[in-house]
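> sequence unavailable; structure follows:
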């Protein structure tokens, strides 16, 4: 796949490193302009050539590439301390002619790409966030940054982004050294968010959906050799409410049955917000640093 050049949008100092936003033309998303952010710790060196492990962070519903930078910027403090770079992509394609229903609700369309490859028209032209995150963006990183190496990458995410991190990581265990997630959607085939997304983006949700469902992937034999780290707040409305969108107990059960190592913690008093994410970012980055070493 050819890689288009990057355009720098902005660059600022943050903790012990630099946060830079870029734009580029994405081939897999139908030649749309996509934006993403990169945090580089000072340990990359003055010439930016010191090989540096990288953590991909995937955001949740309604988010852009900027949410974690603005609401969870404490991540950069820990990333710089452990000498880890971070890559933060957008959550959906943007900039194309609007598709009917694309902006009618927060949980489908813009900001809600669900990290899958759409098979249903007209979504299939642009909504290919699985290929973007798992293939194209790592290629962009390798072409643009001498410090980047595909041999040292891990993946994490929040909510829908946790779903993306876990499904992408499980389907590519040879690529990602470790996987973690904050309050992820782990069984979307059985929840309203997932059923809406799969029914809208996929030609056959029943047949194609399990390929983007963490619990179903593990049931089918997909595993990661390292423990998967998952944190969930017990005051999270999407965990405790009537909709029960997250289903962490299903993940615990399927991991136990399949022999997939899992480090799961239910955190007392925490909700679904970035206050929760920020409170536990240090533990997650420390976890990835151990496996990226």
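Right, received. Where do you want to start? Given the structure is predicted, the values throughout are model-derived calculations rather than measurements. Residues are numbered from 1 along each chain as shown.

> nearest residue to residue 9 in space, please, no chain neighbours.
With sequence-adjacent residues excluded and distances taken as CB to CB, 6 or more residues apart in numbering, residue 9 is closest to residue 21, at 4.1 Å. C-betas here are computed from N, CA, C, even on glycine.

> which residue lies nearest the spatial centre of this protein?
Relative to the mean C-alpha position of the chain, the nearest C-alpha, by CA atoms, centre = their mean, is the one of residue 58, at 2.4 Å.

> re the thing from before, look up how far residue 49 lies from the residue nearest to residue 9.
Between residue 21 and residue 49 the distance, using CB to CB, to the nearest Å, works out to 22 Å.

> which one of the two has more residues nearby?
Using other CB atoms under 10 Å as the criterion, residue 21 and residue 49 rank with residue 21 on top: 18 against 11.

> my guess is that one is in a strand, correct?
Yes: with DSSP: H, G, I helix; E, B strand; the rest coil as the criterion, residue 21 is assigned to a strand.

> and the host helix or strand of residue 207, what's its mean pLDDT?
Here residue 207 sits within helix 205-208, counting by DSSP states H and E. Mean pLDDT, computed over helix 205-208, is 98.

> before we move on, the earlier item: quick check: beta-bridge partners of the residue nearest to the centre of the chain?
Partner residues in beta bridges with residue 58, using DSSP bridges, are residue 157.

> which parts of the protein are helices?
Counting by DSSP state H, residue ranges of the helices within the chain are 67-71, 74-82, 129-131, 137-144, 160-171, 192-201, 205-208, 214-219, 237-240, 248-258, 274-292.

> which neighbouring elements make contact with the shortest one?
This points to helix 129-131. Where contact means 3 or more CB pairs under 8 Å, 6 or more residues apart in numbering; DSSP states H and E, helix 129-131 is packed against helix 160-171.

> now the helix it packs on against helix 248-258, angle please.
With axes from the mean of the first three to the mean of the last three CA atoms, to 10 degrees as the basis, helix 160-171 and helix 248-258 are set at 10 degrees to each other.

> list the contacts of the closest residue to residue 233 other than its chain neighbours.
Excluding the flanking residues, the one nearest residue 233 by CB to CB, 6+ apart is residue 270, at 3.1 Å. Residue 270 makes contact with 233-236, 276, 279, according to CB atoms under 8 Å, 6 or more residues apart in numbering.

> ok, the residues you listed vs residue 64, which is closest?
Proximity of the contacts of residue 270 to residue 64 (CB to CB) peaks at residue 276, which lies at 19.4 Å.

> ok, the closest one - contacts?
Shown in contact with residue 276 (CB under 8 Å, 6+ apart): 182-183, 231, 233, 236, 267, 270.

> report pLDDT for it.
Looking at residue 276, its pLDDT stands at 98.

> before we move on, what about residue 46?
You'll see residue 46 listed with a pLDDT of 84.

> look at it and say how many residues are nearby.
For residue 46, the number of neighbouring residues by other CB under 10 Å comes to 7.

> identify the residue nearest residue 235 in space, chain neighbours excluded?
residue 271 (4.9 Å).

> which residues are in contact with the one you found?
When the contact criterion is CB under 8 Å, 6+ apart, the partners of residue 271 are 233, 235-237.

> if we go to 10 Å?
For residue 271, the contact set (CB atoms under 10 Å, 6 or more residues apart in numbering) comprises 183, 233-240.

> in stretch 223-232, what's buried?
223-224, 226-232 (16 or more other CB atoms under 10 Å).
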